[in-house]
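1. task: produce atomic coordinates for the following.
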Amino acid sequence: MKKTLLTAAALAVAPLSPAFGASDTDAIEADERTIETSRPVAVILPQDRIETLIELGRIAPLFADGFLTALVVNSMDDRQERLTENAQTEAEETAAPLFAALEGFDVAGLALQTTDVALASPDWFKAAPASLFPMTETSTIADFAAANPAEELALATYQYQLSPDCTQLRVVADLKLVDREGLSALYNQQIVSLVRLDRPSYVCDENVAQWADNGGALAKAALGDAFSRLEAVIPQVLALDDAAFEEATDKDRESAFGGGFYGPLLFRDERGPVIWQRKTGFIAIQVAQLPEPAAEPEPVAKPQPLAASGDAARGEEEPLEEVPDTAETTAEEAAEEDATRDAP
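-> Predicted coordinates:
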């Protein structure tokens, strides 16, 4: 069985591409899902900013064999390395506005929330609250296992990327279940959640400008949508046993195309298709959208003064009505009555 990666440094550089379709860890049988303890969950985020992907054409030697071939191959290897370094530098320079726009964006918070929501859905998973794995040179999965006694551990590793043509933002989730004792893989599946531009350009700088405009509003919304999509897709993938996995990945079943990928269709929802590709895993595809602007509260009506009539309505003051002095009137009447009573 494959051992899980031991150190944070190793996790940061390891490719997240298990041999899909050729492993006994692609699905979990129903009788292997239930354990007595809850499963501690570590969220691993081996990046401090978005990764820029590059794509190079194939460089092939012209000779078939012999010493000269070895020299040519070595030369080609050096050339490939130089081309890769140059392409990576150029990609990072192009993506600089996006780096700046996403500065301080809480990707770790999104990863923790997504993991908790996704793993709470299958009742059998019994996931403990996810914790962020410390990315230090000395941090090891063995330490995490020692601090969290349980039969099995869950490891959720996330990478977030800008596609080579800058038309897509991708969140790659690599989900593993490992045995606590030997740290051997019991389950390993990868899910890519990609969000593509609705109106992409053939010019990479123009695509980056779309993502980075307005403080990175579209990029931030896309990353949020990519993570939230995983909350729905991960439980669907975890639900597959061996037979269901074989059926879902059968090349003869209905297939779909999207985001440059093509493969058997797992399901389709209002956001788009979820397909499977042998060398990539499950791929969820959707179109980038800015969030709906918050509705403005209706203005509160100010109280209106009572309508006036007559001269007051025309801006003229009405004369006050005289009110008789009741006390004086009463005194005069009383004196009059007394005088009448005293008369002979």
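2. in the stretch 201-344 of the chain, which spans are strands?
-> Using DSSP state E, counting those that start in this stretch, the strands of the stretch 201-344 of the chain run over residues 255-258, 261-269, 272-277, 281-287.
3. packing partners for the longest helix anywhere in the chain?
-> For the chain, the longest helix by residue count, based on DSSP state H, is helix 204-238. Contacts defined by 3 or more CB pairs under 8 Å, 6 or more residues apart in numbering; DSSP states H and E place helix 204-238 against helix 66-94, helix 96-101, helix 107-120, strand 152-162, strand 168-179, strand 185-196, strand 261-269, strand 281-287. Any C-beta I mention is one placed from the backbone N, CA and C, and that applies to glycine too.
4. in CSV: the ones you listed, plus mean neighbour count and distance to residue 140.
-> Listed next are the helices and strands packed on helix 204-238 as CSV, based on neighbours: other CB atoms under 10 Å; distance: least, CB to CB, whole Å:
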stretch, mean neighbour count, distance to residue 140
helix 66-94, 12, 29
helix 96-101, 16, 30
helix 107-120, 20, 20
strand 152-162, 22, 12
strand 168-179, 23, 13
strand 185-196, 23, 16
strand 261-269, 16, 34
strand 281-287, 24, 26
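5. let me have these in a markdown table, extended by distance to residue 31 and mean pLDDT.
-> Output for the helices and strands packed on helix 204-238, formatted as a markdown table (distance: least, CB to CB, whole Å; pLDDT from 0 to 100):
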| stretch | distance to residue 31 | mean pLDDT |
| --- | --- | --- |
| helix 66-94 | 46 | 74 |
| helix 96-101 | 47 | 97 |
| helix 107-120 | 20 | 97 |
| strand 152-162 | 15 | 96 |
| strand 168-179 | 15 | 96 |
| strand 185-196 | 13 | 96 |
| strand 261-269 | 23 | 95 |
| strand 281-287 | 24 | 97 |
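6. mind checking which of the ones you listed is nearest residue 214?
-> helix 96-101 (8.6 Å; CB to CB).
7. that closest one: how far from the chain's middle?
-> For helix 96-101, the distance between its averaged C-alpha position and the chain's averaged C-alpha position is 18 Å (CA atoms, centre = their mean, to the nearest Å).
8. residues contacting it, please?
-> Residues external to helix 96-101 that are found in contact with it (CB atoms under 8 Å, 6 or more residues apart in numbering): 49, 50, 92, 162, 208, 209, 211, 212, 215, 216, 219, 220.
9. out of those, which end up buried?
-> For the contacts of helix 96-101, a burial check counting by 16 or more other CB atoms under 10 Å picks out 50, 162, 208, 211, 212, 216, 219, 220.
10. hmm, residue 155 is touching residue 141, no?
-> Yes: in terms of CB atoms under 8 Å, residue 155 counts as a neighbour of residue 141; the distance is 7.1 Å.
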